[in-house]
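> Quick one: sequence and predicted model below, then my questions.
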2 protein chains.
Amino acid sequence: MSAIKYELIKESKDSGARLGKLYTPHGVIETPIFMPVGTQATVKAMTPEELKSIGAQIILSNTYHLHMRPGEEIIKKAGGLHKFMNWDKPILTDSGGFQVFSLSDLRNITEEGVTFKSHLDGSKHFISPEDAIRIENALGADIIMCFDECLPYPCEYDYAKNSLNRTIRWAERCKETHKNTENQALFGIIQGGMYRDLREESVKRMTELDFPGYSIGGLSIGEPKELMYEVLDYTMPIMPKDKPRYLMGVGSPDCLFEGVIRGIDMFDCVLPTRIARNGTVLTSKGKLVIKNAKYAEDFRPIDDECDCYACKNYSRAYIRHLFKAKEILAARLATIHNLRFLIHLMEQIREAIKDDRLLEFKDEFYSKYGYN
Amino acid sequence: MSAIKYELIKESKDSGARLGKLYTPHGVIETPIFMPVGTQATVKAMTPEELKSIGAQIILSNTYHLHMRPGEEIIKKAGGLHKFMNWDKPILTDSGGFQVFSLSDLRNITEEGVTFKSHLDGSKHFISPEDAIRIENALGADIIMCFDECLPYPCEYDYAKNSLNRTIRWAERCKETHKNTENQALFGIIQGGMYRDLREESVKRMTELDFPGYSIGGLSIGEPKELMYEVLDYTMPIMPKDKPRYLMGVGSPDCLFEGVIRGIDMFDCVLPTRIARNGTVLTSKGKLVIKNAKYAEDFRPIDDECDCYACKNYSRAYIRHLFKAKEILAARLATIHNLRFLIHLMEQIREAIKDDRLLEFKDEFYSKYGYN
């Protein structure tokens, strides 16, 4: 039996959008959903209680980072990632594949796996698909990912084709290694670069392996957004309807809309929390660099349409002061706000799907937010 | 009418310790009390709600820092410091005197006031006693301080004597300038270095000015602790009994005990929050450097006798991981814990005074905590 079950509640009449429920060992998730990222077993600047208070239903954590520090054995001894970080709702871990290819130095890929140097201390490491699953099993997230190669953009066709074949062989090995299927659902990852035939082949062969869910990988890695949408346009219609679909590493408001419209159920992105810590906040009227001098005497909230703790209790002037003074509370308030903004946006998107008005809602949103 | 009223509830039988209540425009404070420091209009890493949840009754904020950034005019426009920082309980501001002498460069003292260079950008500034009060009036704290000169240690007798006389003349000017007496209580500051006759003269002349409360300044500035206790030994018995007594900048557990025993009602110190951010936590069994490798697999709380959020929900292993990974939550959890530790210690000290067993409690505390 699979650890998760996807229930399709409603299909949109005017787009590929769908409303669903994802049942996991740590609770039910309403989809489509944005997942905050807790790279190092903490969503930066936030407590679990704060995450719950802004409506977070599931968080993501990064296998590569946790493997490097503190190491999965410590987390396993602590009773698993949920207990270690005091988060009792669902968790999703990636496989480390993306970080091995993006963060580490001097990686060397063979059929067996990847040798790479740590981004922390330069030490040499090797991860095979079997290792990735063993690490993810030790961490104990509700949803885990196959070890894959995330292609760069641009990428030659032949390389992409060979890589895709290897990623599928790796997925078979991941599935073979993963025994804890009742507590952890293993997702297959659709790759294939920006090539239609490769994406289609990836969908065909990955779905033959019958995973309980599928990720769309290798997007939002530097390609124009239109190209990402095009890949989704031809990939999503051939995806199985009874399984959740997760678009990895994507989380700007426009991409959330465009992904949902094409049938994506799950998103994650470090962007909202990262820009928050640098003093950029998302508002219903567009982005705002709160550190700017023009907010020094602006006693309005970040966003007067927002219901978050930061907006209910603090002014732009105060938050600007905190940023200028390099205070930790600056990062806290901006992070709470940006995450709440995206989670609230997804709540509104789910409502709009329910009411058959997603495309109108999208237009309304952009008429105020702009396309920045 | 004064903004505050001190009610002496009980005098200890076996020491100079006293139990009291301090009525302020923003609520009643039970004394003796430790006040967390919110230098830049935020107690570093904490929200006001978190401060309340650990039992903070009053916080301190620094006039020098707020004058430099964001400037008192912005805070006044925001509706005052309470509103600006979302803290509706009492606030105490220092006068900026200590920072002018300790943080800034190239200070030059005249009878009129102090010229100094900003620690932020090197720009030249001048603050007179009248300026300090005008700034503190704009900030709007419940309790404010006279502008004084904090002497260095060691300090020649003649310099200390001249400085003391000037500080008393400055106190007269502060009192003259301060009109908002119904909403803000102005404290006089006892100086005089480590010289008994000067301290005694300071008490005599400051109390003649009849302030609603008095601070003991110029201690814990590098002198041996025994010398500080000696100054308190001869200063405290001649202080008025019907006014609160605030020992500035002091907050280690041993100094809290020794101060309370000699009749101090109020303490503040940045130490517990500063060492927290560096990974040192206070426990009932002494200090602990949580970053150390020996805590990597220690799944016990920081302190099993502590009731704080960090101790109830997280292990030493997790908090160590957060520090190693340079996560903001590390500073948050350690700060919550250290502040709760001192606030809880003061709660226990008040209970012990009530039960006439302060000296026994002190011995019990040290038998576990040690004297580090």
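Okay, I see it.

> where does the stretch 101-250 of chain A have low pLDDT?
A:104-105 (pLDDT under 70).

> wait, isn't A:I58 in contact with A:V37?
No: shown here, A:I58 and A:V37 do not form a contact pair, counting by Cβ atoms under 8 Å, at 11.0 Å. (C-beta placed from N, C-alpha, C; glycine too.)

> For chain A, which residues are neighbours of chain B?
For chain A, the residues in contact with chain B (Cβ under 8 Å from any Cβ of the partner chain) are A:40-42, A:44-47, A:65, A:69-70, A:74, A:77-78, A:84-86, A:296-297, A:299, A:309, A:313-315, A:317-318, A:320-322, A:324-325, A:327-329, A:331-332.

> again, only using 7 Å
Residues of chain A lying close to chain B (Cβ under 7 Å from any Cβ of the partner chain) are A:40-42, A:44-45, A:47, A:69-70, A:74, A:77-78, A:84-86, A:296-297, A:299, A:313-315, A:317-318, A:321-322, A:324-325, A:327-329, A:331.

> What's the ChimeraX line that selects buried ones from these?
Buried residues within the residues of chain A next to chain B, by 16 or more other Cβ atoms under 10 Å in any protein chain shown, are selected in ChimeraX with:
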select /A:40,41,42,44,45,47,69,70,74,78,84,85,86,297,299,314,315,317,318,321,322,324,325,327,328,329,331
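
> Can you mark which positions in the longest helix seen in chain A are buried?
Of all the elements of type helix in chain A, the one with the most residues (DSSP state H) is helix A:328-354. Across helix A:328-354, burial judged by 16+ other Cβ under 10 Å covers A:328-346, A:349-350, A:352-353.

> what separates it from the chain centre, distance-wise?
What separates the centre of helix A:328-354 from the centre of its chain is 14 Å, taken as Cα atoms, centre = their mean, to the nearest Å.

> Skip ahead from it and say which helix or strand is next.
The C-terminal neighbour of helix A:328-354 among helices and strands, as given by DSSP states H and E, is helix A:358-369.

> quick one: that following helix to chain centroid distance?
How far helix A:358-369 lies from its chain's middle: 23 Å, per Cα atoms, centre = their mean.

> pretty sure A:Y64 is touching A:G96, no?
Yes: using Cβ atoms under 7 Å, A:Y64 is in contact with A:G96, at 3.6 Å.

> any idea whether A:Y23 is helix, strand or coil?
Classification of A:Y23 using DSSP: H, G, I helix; E, B strand; the rest coil returns strand.

> Can you report how many residues neighbour it?
15 (other Cβ atoms under 10 Å in any protein chain shown).

> Then A:V28?
Neighbour tally, A:V28, other Cβ under 10 Å: 14.

> A:D265 now?
25.

> give me phi/psi at it?
phi -110, psi -20 (degrees, to the nearest 10).

> Distance check, it against A:L92.
With distances taken as Cβ to Cβ, to the nearest Å, A:D265 is found 12 Å from A:L92.

> ok, now A:Y157?
31 Å.

> Have a look at the two and say which one is more surrounded.
A:L92 (25 against 12).

> right, and the more buried one touches A:V37 too?
No: using Cβ under 7 Å, A:L92 is not in contact with A:V37, being 9.7 Å away.

> Could you pull out the residues contacting both of the two?
Residues touching both A:L92 and A:V37 by Cβ atoms under 7 Å, 6 or more residues apart in numbering or on different chains: A:L60.

> Identify the residues contacting stretch A:264-275?
A:18, A:20, A:31-37, A:43-44, A:60, A:244-252, A:256, A:259, A:282, A:335, A:338-339, A:342.

> let's go with 6 Å and repeat that
A:20, A:31-35, A:37, A:44, A:60, A:244-247, A:250-251, A:256, A:335, A:338-339, A:342 (Cβ atoms under 6 Å, 6 or more residues apart in numbering or on different chains).

> Kindly report the same for stretch A:343-350.
A:33-34, A:54-55, A:260.

> What separation do you get for the residue nearest to the spatial centre of chain A and B:K291?
Centroid-nearest residue in chain A: A:D268, 1.8 Å away (criterion: Cα atoms, centre = their mean). As judged by Cβ to Cβ, A:D268 and B:K291 stand 30 Å apart.

> Give the bridge partners for the spatially closest residue to A:Y369 that is not a sequence neighbour, please.
If the residues on either side of it in the chain are set aside, A:Y369 comes closest to A:G286, at 5.2 Å by Cβ to Cβ, 6 or more residues apart in numbering or on different chains. Beta bridges link A:G286 to A:T283, judged by DSSP bridges.

> okay, now A:G286: neighbour count?
Neighbour tally, A:G286, other Cβ under 10 Å: 13.

> ok, of the contacts of stretch A:343-350, which one's closest to chain B?
A:I54 (14.2 Å; Cβ to the nearest Cβ).

> Give me the neighbour count for the closest one.
As a burial measure, A:I54 scores 21 neighbours (other Cβ under 10 Å).

> Provide a list of residues in contact with A:I261.
Per Cβ under 6 Å, 6+ apart, neighbours of A:I261: A:15, A:17.

> One more pass at 7 Å, please.
The neighbourhood of A:I261, defined by Cβ under 7 Å, 6+ apart, consists of A:15-17, A:358.

> In ChimeraX, select just the buried ones from those residues.
The ChimeraX selection below is limited to those of the contacts of A:I261 classed as buried (16+ other Cβ under 10 Å):
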select /A:15,16,17,358
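
> Among the contacts of A:I261, which lie within helices?
Counting by DSSP H, the contacts of A:I261 place A:L358 in helices.

> Dump the contacts of A:I261 to TSV, plus pLDDT.
As requested, the contacts of A:I261 are exported to TSV (pLDDT from 0 to 100):
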residue	pLDDT
A:S15	96
A:G16	97
A:A17	98
A:L358	98
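
> which one of the contacts of A:I261 sits closest to A:L139?
A:A17 (31.6 Å; Cβ to Cβ).

> got the contact list for that closest one?
Neighbours of A:A17 in contact, by Cβ under 7 Å, 6+ apart: A:260-261, A:263, A:353, A:358.

> Just the helices from the stretch 201-350 of chain A, written as ranges.
Using DSSP state H, counting those that start in this stretch, the helices of the stretch 201-350 of chain A run over A:225-235, A:253-261, A:271-277, A:309-313, A:316-324, A:328-354.

> Now do the fifth one, average pLDDT.
Over the span of helix A:316-324, the pLDDT mean works out to 98.

> Ok, the last one next?
When the per-residue pLDDT values of helix A:328-354 are averaged, the result is 98.

> For A:S163, list the residues it contacts.
With contact set as Cβ under 7 Å, 6+ apart, A:S163 has these partners: A:149, A:151, A:191.

> Test my guess that the last one contacts A:G217.
When you say that, I think you mean A:Q191. Yes: using Cβ under 7 Å, A:Q191 makes contact with A:G217 at a distance of 5.3 Å.

> before we move on, the earlier item: and the pLDDT at the residue nearest to the centre of chain A?
Value for A:D268, per-residue pLDDT: 98.

> separation between it and chain B?
18 Å (Cβ to the nearest Cβ, to the nearest Å).

> Check A:I133 too.
Per Cβ to the nearest Cβ, A:I133 is found 23 Å from chain B.

> pretty sure that residue is touching A:T177, no?
Yes: contact criterion Cβ under 7 Å: A:I133 and A:T177 qualify, at 4.2 Å.

> tell me which residues in stretch A:3-14 are buried?
Neighbour-count burial for stretch A:3-14 [16+ other Cβ under 10 Å]: A:3-6, A:12.

> again with stretch A:135-146
Result for stretch A:135-146 [16+ other Cβ under 10 Å]: buried residues A:135-146.

> Name the residue most distant from the centre of chain A?
Farthest-from-centroid check, chain A (Cα atoms, centre = their mean): A:E297, 36.0 Å.

> What segments of the stretch 1-150 of chain A are helices?
A:48-53, A:63-68, A:72-77, A:81-85, A:97-102, A:129-139.

> pLDDT added to the contacts of stretch A:343-350, as a markdown table?
As requested, those are exported to a markdown table (pLDDT from 0 to 100):
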| residue | pLDDT |
| --- | --- |
| A:I33 | 98 |
| A:F34 | 98 |
| A:I54 | 98 |
| A:G55 | 98 |
| A:V260 | 98 |
